[in-house]
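**Student:** build the 3D model from these lines:
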Amino acid sequence: MDKDAEAYFRYLNGDDTGLTEMVERYGANLIFFIHRYVKNVDIAEDLMQETFCDLIFYKNRYKGKSSFKTYLFSIARNKAVDHIKREMRFSHKPVEDVQKNLEDEKKLESMVIQKMENKNLYHAMEQLNEDYRNVLYLFYFENLSYEEIGKVLKKTARQIKNLSYRAKQSLRAIMEKEGFSFEE
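**Tutor:** Alright, predicted model coming up:
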């Protein structure tokens, strides 16, 4: 379980310092994140507060299927998008502009999620032993075949295949330990 989830569960069990930790850790980042959507600092601050209010009012929604940070930023994004939708109802923008903004939002969301996932993956890979880390890096990031990796690491293709299997299992165990779940 990640430290953010622990802080949240401490809050749910009556320790208000858990919520205080989360606000201190993520308040400014959430404002910055929301501001990218709404383009207004005051509104971004209000939506950040609403995000934390959702944590208070809807206590049982977090199921631990993703990192708590991902969950928190998803709430913030939904708050921002809902705000934009409300604003669009009363604005006179052409439909094409609204659709373009929604497409841009989806691209931004994908980029943020990918960046967070890459950061978490990098952190987990750093915990692997050197052979595992090298095999996974060369295979997934450099797109080398088992034979090519074998030449680089001076091992047979069969040894690389075995290392790859064990590396994936170790990486999966580390990621699950940190609160990530995988679909089969």
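
**Student:** from here on, contacts and neighbour counts on C-alpha atoms
**Tutor:** Will do.

**Student:** Lys106 and Ser74, how far apart?
**Tutor:** Here the criterion is CA to CA, to the nearest Å. By it, Lys106 lies 12 Å from Ser74.

**Student:** look at those two and report which has more neighbours.
**Tutor:** Here Lys106 and Ser74 are set side by side on neighbour count (other CA atoms under 10 Å), and the busier one is Ser74, at 15 against 12.

**Student:** contacting residues for Lys59?
**Tutor:** Contacts for Lys59 (CA atoms under 8 Å, 6 or more residues apart in numbering) come out as Leu12.

**Student:** so what's Ser145 scoring on pLDDT?
**Tutor:** The per-residue pLDDT reported for Ser145 equals 87.

**Student:** burial count for the residue nearest to it when sequence neighbours are not counted?
**Tutor:** The shortest distance from Ser145 to any residue other than its chain neighbours is 6.4 Å, reached at Phe139 (CA to CA, 6 or more residues apart in numbering). Phe139 sits with 16 neighbouring residues when counted by other CA under 10 Å.

**Student:** domain assignment for this protein?
**Tutor:** If you go by automatic domain parsing, the domain ranges for the chain are 3-120, 127-184.

**Student:** quick one: mean pLDDT over the helix or strand that contains Tyr122.
**Tutor:** Secondary structure here is read from DSSP states H and E; on that basis Tyr122 sits in helix 95-126. Within the predicted structure, the mean pLDDT of helix 95-126 is 70.

**Student:** quick one, helices of this structure?
**Tutor:** For the chain, the helices identified by DSSP state H occupy 3-12, 17-38, 41-57, 68-90, 95-126, 130-136, 146-153, 157-177, in order along the chain.
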